[in-house]
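Peer 1: Any chance you can model this:
(chains A and B)
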Amino acid sequence: MMKKALPYLLLAPMMIIMGVLVFYPVIETFSYSLKKWKLTAPGDISFVGLGNYVSVLKSPSFWYSLQNTLFLLAVVVLFTTIISIAVALFLNVESRVSGLMLAAAVLPWALPPYVNGVLWKFIMSSGYGFLNKLLITLHVTDQPVEWLSSRWLLLLAVALVVTWRSIPFMALVCLAGRKALPGSLYEAARIDGGSSFQIFRKITVPLMLPFVGIGITSTSVTAVNVFDEIVALSGMGDLGKNIVVESYLTTFSFLDFGKGSAITYLVMLLAGILGIFYLRSLNREVMYG
Amino acid sequence: MKKVISVVLCLGLTMGMMAGCGAKEENEGSRQITFMIPDWGVPNDELLAEFTEETGIDVVINEVSWDDIRDKIAIAASGGSSAADVVEVDWSWVGEFYAADWLEEIELPEEEKADMPTLDTFTVEGKTLAVPYANDYRLSYYNTVQYKEAGIQSPPKTWDEVYENAKILKEAKVVDYPFAIPLNAEEAATTSLIWLAYTMNGVVFNGDGTLNRDSVLAALNYEEKMLQEELIDPSDKTSSGMDAYRRLLSGDAGFMTGPTSFAARSSNSEECSVVGQIEPILVPGKIGNSEHTMALPEAIGITKFSKNKEDAETFVKWYTSPKMQKELYKTNSAIPTHNTVLEELISDGTITDSGAMLEEAKRISSPFPNGVPSYYSEMSNAIYNAVNKMALGELTSEEAFAEMDGKITELAGK
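Peer 2: I've put the predicted structure just below:
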């Protein structure tokens, strides 16, 4: 009896934590999303079915923020993937400063996202920004460049900041993957006369793909859920808002819990689809044969 | 043995979690209230001890950042509980808090009401919902040295003069961007447009809550003209409102209308590099100084779900009393909301370099004819985004007006 109960007992704390902190809010949020529920109108709460979802999907503001989200997703994933693989391969080279380089590479990961955003705001601000001071000192430009005042430049700035924060994790995953590759494969390839580029293309890239897949999926979820960097760089304005900022504004600024919950569910759906890829990457088998 | 230890640890953890979820009634029988306030409003220990001695009520301070207080009040109230007995109430939250019925009415003597013009902002349908403790109304400032250098003899009294002076300052190369105003997509851009329209034309909203087209469009045209003629620093479009205001303190702007606190800031050499050059003056208007100014005060109120309403009211009245206002100016630099206290502090020299501060305080009135609306957040979002788009050149002033007007008309249910 005790033997049968033991696994459940051991799982109980985690199940309770997951139940209270994950499953209950997920179910409750879904029930909110089916209601007309604005906190400033406590006497006007009613069941509206999918009405909030229809209203959100008809709103130009939602589609605008979705466009911004997809732009961030594409740029962050592209930049993070390329730079992370390069960083991982660089860190894989054994040297006396390898440990130091690894610690330095991980540093941006340790920064809280909002602090990261504020730090970059000091760099990119058109008035007092370090980047403009540098460009003016080097006579590249006479007037400060307004990095944060056009939609695409702002989004590019946000994407770069998020990329900077995302690289360490993906680089570590790729580095772990690279280190896991058996040295015998490389030895055999060299004996067979393979060039460095051929070895990279035929051995390193295909065998590292599952790890890159994990990194890409995790980075994608990060890119969809960007919030702090946007708020730090441009506030809650329309220009750079993504769907997470849209959800926050609707729920906590406008106190519309019904519509805000519907947007939250749509964000969750998008992140969930990316999460499925993540799980599939985790379960992918690596064949060395 | 390992299994036994594992089971004991798991059970311990589970029990611990359950115990953590349980509520506990503390200090049964004793009189205690909780007070949620940002750091700048926290009274010091001596003052609190005095209050406890006088009344027998203990005050537990819950210091929370200003941004988070509204969320905490809303979330607690939606669950039928109070975030604290007494809470910070910003002027812009009043409409929605009233609509949601989250604040308890507070009774105040008539003479006290008459002495606090900012109380109007916290009064809806004759009910006082919160009592202001820190004043902040719009006051204008100009750099006397820059004006003299450009050959301008007197401070501006009208907005047209502000514009003409800005052109002279720029042409004389005294300062590159003479006029400072927040234009970033944030609350300060909303309030700037509201006070500009209000001081320029005396009206912002129609009786039905919609925007007054002539007045607001004139204010937008004014901002657009200043931008097009490069009289405003381009960084004001993306930096915070405080950064825009601070350009006056660094000598990078010659004129600004902004928070009352800048009277003191402009005398502080740690904050201001042009100490002695800034003078607070009356806010300009259309044909002379404006007869109105807008206040953005902060108040404290009692939450509807408080279980200690009587003690909470005793505390609110003590905290906002004239005696405490004097103390709070000394300890927290909070500008008094009682005009008599403000007058006393200026006349006894406690507040220095006040310029037109007292005279302007007497001109405080609300630009919202029906009180701050319950949809203020959405309205403000529509206004600051349209202003910012205009500043960034994406919209003309007409288009910016049309964008904000459409949203506000919808919110007002018209």
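Peer 1: tell me the secondary structure for the residue of the stretch 1-150 of chain A found nearest chain B?
Peer 2: With C-beta to the nearest C-beta, the shortest gap between the stretch 1-150 of chain A and chain B falls at residue A:127, namely 3.0 Å. To be clear about C-beta, it is placed using only N, CA and C from the backbone, and glycine gets the same treatment. Under DSSP: H, G, I helix; E, B strand; the rest coil, the three-state class of residue A:127 is coil.
Peer 1: Nearest spatial neighbour of the residue in chain B that chain A sits nearest to, chain-adjacent residues omitted?
Peer 2: With C-beta to the nearest C-beta, the shortest gap between chain B and chain A falls at residue B:185, namely 2.4 Å. Leaving aside its sequence neighbours, residue B:185 sits nearest to residue A:237 (C-beta to C-beta, 6 or more residues apart in numbering or on different chains; 2.4 Å).
Peer 1: picking that back up, pull the number of nearby residues for the residue of the stretch 1-150 of chain A closest to chain B.
Peer 2: 18 (other C-beta atoms under 10 Å in any protein chain shown).
Peer 1: for it, what are its contacts?
Peer 2: Counting by C-beta atoms under 8 Å, 6 or more residues apart in numbering or on different chains, residue A:127 touches A:144, B:233, B:235, B:238, B:239, B:243.
Peer 1: do the same with residue B:194
Peer 2: B:204, B:294, B:367, B:383.
Peer 1: need the contact list for the second one.
Peer 2: Residue B:294 makes contacts with B:137, B:138, B:191, B:194, B:195, B:198, B:199, B:364, B:365, B:366, B:367, as judged by C-beta under 8 Å, 6+ apart.
Peer 1: rerun at 6 Å
Peer 2: B:138, B:195, B:198, B:367 (C-beta atoms under 6 Å, 6 or more residues apart in numbering or on different chains).
Peer 1: Can I get the helix or strand where the third one lies in PDB, CA atoms only?
Peer 2: Just to be clear, that refers to residue B:198. In this structure, residue B:198 sits in helix B:187-201 according to DSSP states H and E. The C-alpha trace of helix B:187-201 is given here as PDB (Å, rounded to 0.1, in the frame of the first residue of the first chain):
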ATOM      1  CA  GLU B 187       0.400  60.500 -19.200                       C
ATOM      2  CA  ALA B 188       2.400  63.700 -19.100                       C
ATOM      3  CA  ALA B 189       1.600  64.400 -22.800                       C
ATOM      4  CA  THR B 190      -2.100  64.000 -21.900                       C
ATOM      5  CA  THR B 191      -2.100  66.400 -19.000                       C
ATOM      6  CA  SER B 192       0.100  68.800 -21.000                       C
ATOM      7  CA  LEU B 193      -2.500  69.000 -23.800                       C
ATOM      8  CA  ILE B 194      -5.300  69.400 -21.200                       C
ATOM      9  CA  TRP B 195      -3.700  72.300 -19.300                       C
ATOM     10  CA  LEU B 196      -2.600  73.900 -22.500                       C
ATOM     11  CA  ALA B 197      -6.100  74.000 -23.900                       C
ATOM     12  CA  TYR B 198      -7.500  74.900 -20.500                       C
ATOM     13  CA  THR B 199      -5.200  77.800 -19.900                       C
ATOM     14  CA  MET B 200      -5.500  79.000 -23.500                       C
ATOM     15  CA  ASN B 201      -9.200  78.800 -23.900                       C
END
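Peer 1: Let me know the next secondary structure element after it.
Peer 2: helix B:213-228.
Peer 1: who does that next one touch, helix- and strand-wise?
Peer 2: helix B:187-201, helix B:397-411 (3 or more C-beta pairs under 6 Å, 6 or more residues apart in numbering or on different chains; DSSP states H and E).
Peer 1: List the buried residues in that helix.
Peer 2: Neighbour-count burial for helix B:213-228 flags B:215, B:216, B:217, B:218, B:219, B:220, B:222, B:223, B:224, B:226, B:227 (criterion: 16 or more other C-beta atoms under 10 Å in any protein chain shown).
Peer 1: Give the closest residue to the residue nearest the centre of chain B in space, chain neighbours not counted.
Peer 2: Centroid-nearest residue in chain B: residue B:296, 3.5 Å away (criterion: C-alpha atoms, centre = their mean). Excluding its sequence neighbours, the residue lying closest to residue B:296 (C-beta to C-beta, 6+ apart) is residue B:136, at 4.9 Å.
Peer 1: ok, that neighbour - contacts?
Peer 2: Per C-beta under 6 Å, 6+ apart, neighbours of residue B:136: B:259, B:260, B:296, B:297.
Peer 1: ok so, going back, compare the contacts of residue B:294 and tell me which has the most neighbours.
Peer 2: residue B:198 (27 neighbours).
Peer 1: In contact with that one, which residues?
Peer 2: B:204, B:292, B:294, B:367.
Peer 1: quick one, helices of the stretch 101-250 of chain A?
Peer 2: Under the criterion DSSP state H, counting those that start in this stretch, helices of the stretch 101-250 of chain A are mapped to A:113-124, A:130-137, A:151-180, A:183-191, A:196-199, A:205-224, A:228-234, A:243-248.
Peer 1: does the third one come close to chain B?
Peer 2: No - in terms of C-beta under 6 Å from any C-beta of the partner chain, no part of helix A:151-180 sits within range of chain B; the closest distance is 8.6 Å.
Peer 1: which parts of the stretch 51-200 of chain A sit against chain B?
Peer 2: A:126, A:127, A:146, A:148, A:149.
Peer 1: any chance of those in CSV, with pLDDT too?
Peer 2: What follows is these, written out as CSV (pLDDT from 0 to 100):
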residue, pLDDT
A:126, 77
A:127, 71
A:146, 85
A:148, 87
A:149, 85
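Peer 1: Give the other helices and strands that the helix or strand harbouring residue B:359 contacts.
Peer 2: Element membership of residue B:359, judged by DSSP H and E, is helix B:357-361. When contacts are defined as 3+ C-beta pairs under 6 Å, 6+ apart, helix B:357-361 sits against helix B:339-347.
Peer 1: Since that was my last question, I'll sign off now.
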